[in-house]
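> Here is a sequence together with a model predicted from it:
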Amino acid sequence: MLAELSHQVTPPWAAPGSPLESQSPCTPPGRGTTPWLTPRCCPQEERPPHHRYKKGSSVGGVCYLSMGMVVLLMGLVFASVYIYRYFFLAQLARDNFFHCGVLYEDSLSSQARTRMELEEDVKIYLEENYERINVPVPQFGGGDPADIIHDFQRGLTAYHDISLDKCYVIELNTTIVLPPRNFWELLMNVKRGTYLPQTYIIQEEMVVTEHVSDKEALGSFIYHLCNGKDTYRLRRRATRRRINKRGAKNCNAIRHFENTFVVETLICGVV
């Protein structure tokens with residue numbers, strides 16, 4: 001009994017002399033084999049697992065990266081604007097603003113020639129092509145305090161006599177007043193020192209002609225200077241250098257410089 005149980009049954013494809021003996025049980029059926037006798041016990045080949053990318057996570061990463069780049073670029077832009085406004089423009093404004101003075105011999109005084117000093121604040125606007133000069137009250141007399149604008153676009157000069165609080169407008173005299181670029185270069189060359197080299201003084205005489213009612217026609221720069229003030233036109237008389245006598249007693253003098261010499265502007269016939 002036990003011998004019969006221990007007897008192993010030989011499968012038909014493994015029996016000696018069987019046509020299926022040479023064929024592996026895991027070999028696919030070929031020609032001449034019976035498909036239903038072929039066992040389906042072949043193990044399948046292991047394939048690498050497919051990695052499925054999550055589209056949502058990849059799109060989110062791109063969005064975060066784009067937002068980070070935008071924030072970085074905005075930070076760079078704001079930093080550049082800050083540096084430009086608070087450093088470059090400030091430096092440019094300092095380079096276009098001058099507080100300077102000049103020593104000169106006052107040959108127009110009735111007394112013996114004396115050494116005089118004239119100070120003024122100069123603002124040069126290169127892009128707008130005009131100059132603004134403030135002459136404070138002279139320490140030793142010789143003229144009135146004034147604000148002066150030389151507008152090279154309009155070809156006009158405006159004097160605001162601070163003592164009289166009146167404006168006077170005349171055509172720009174380019175033989176006396178240096179253009180903004182040339183005047184700027186002159187002052188930059190002497191910026192290391194406080195004073196220009198000692199120089200001389202010349203005199204020009206103006207006569208009041210008419211009242212100006214339309215100040216807007218004078219340009220925006222002169223308009224802002226003379227708005228709300230009585231404004232008059234001037235006519236220039238023949239300019240002579242080194243005049244020893246002053247004009248009439250009703251003339252007001254303004255001393256200033258926009259060149260290598262000092263100019264005394266006499267405004268006569270003041271209303």
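Perfect, I can see it now.

> where's Ser80, which helix or strand?
helix 55-83 (DSSP states H and E).

> And stretch 122-141, what's buried?
By neighbour count with 16 or more other Cβ atoms under 10 Å, stretch 122-141 contains the buried residues 122, 124, 129-135, 138. Every residue, glycine included, has its C-beta placed from N, CA and C.

> Stretch 178-196 now?
Quick answer for stretch 178-196 (16+ other Cβ under 10 Å): 178-180, 183-184, 186-187, 196.

> List the contacts of stretch 180-190.
95-96, 98, 100, 122, 124-126, 129-131, 152, 177-178, 196-197, 258-260 (Cβ atoms under 8 Å, 6 or more residues apart in numbering).

> typed the wrong thing, it's stretch 120-133
96-101, 134-136, 147-153, 177, 179-181, 183-184, 187, 221, 256-258.

> at 7 Å what do you get?
96-100, 134-135, 148-153, 180-181, 183-184, 187, 221, 256, 258 (Cβ atoms under 7 Å, 6 or more residues apart in numbering).

> Quick one: low-confidence residue ranges for the chain.
Scanning the chain for pLDDT under 70 picks out 1-57, 84-94, 110-113, 140, 193-196, 239-249, 270-271.

> any chance you could map the strands in it?
97-106, 114-125, 130-135, 146-151, 156-161, 166-171, 195-199, 201-211, 230-236, 252-256, 262-268 (DSSP state E).

> want to try TSV for those strands, with distance to Ser66 as columns?
Formatted as TSV, these follow (distance: least, Cβ to Cβ, whole Å):
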stretch	distance to Ser66
strand 97-106	45
strand 114-125	43
strand 130-135	48
strand 146-151	51
strand 156-161	55
strand 166-171	59
strand 195-199	59
strand 201-211	66
strand 230-236	60
strand 252-256	60
strand 262-268	64
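
> out of those, nearest to Val77?
Set against Val77 and scored by Cβ to Cβ, the strands of the chain come closest in strand 114-125, at 27.5 Å.

> Tell me which strands that closest one pairs with, and in which orientation.
Counting by DSSP bridges, the strands paired with strand 114-125 are strand 97-106 (antiparallel), strand 130-135 (antiparallel).

> ok, for Ile149, nearest residue in space, not its chain neighbours?
In space, and not counting its chain neighbours, Ile149 is closest to Ala158: 4.7 Å by Cβ to Cβ, 6 or more residues apart in numbering.
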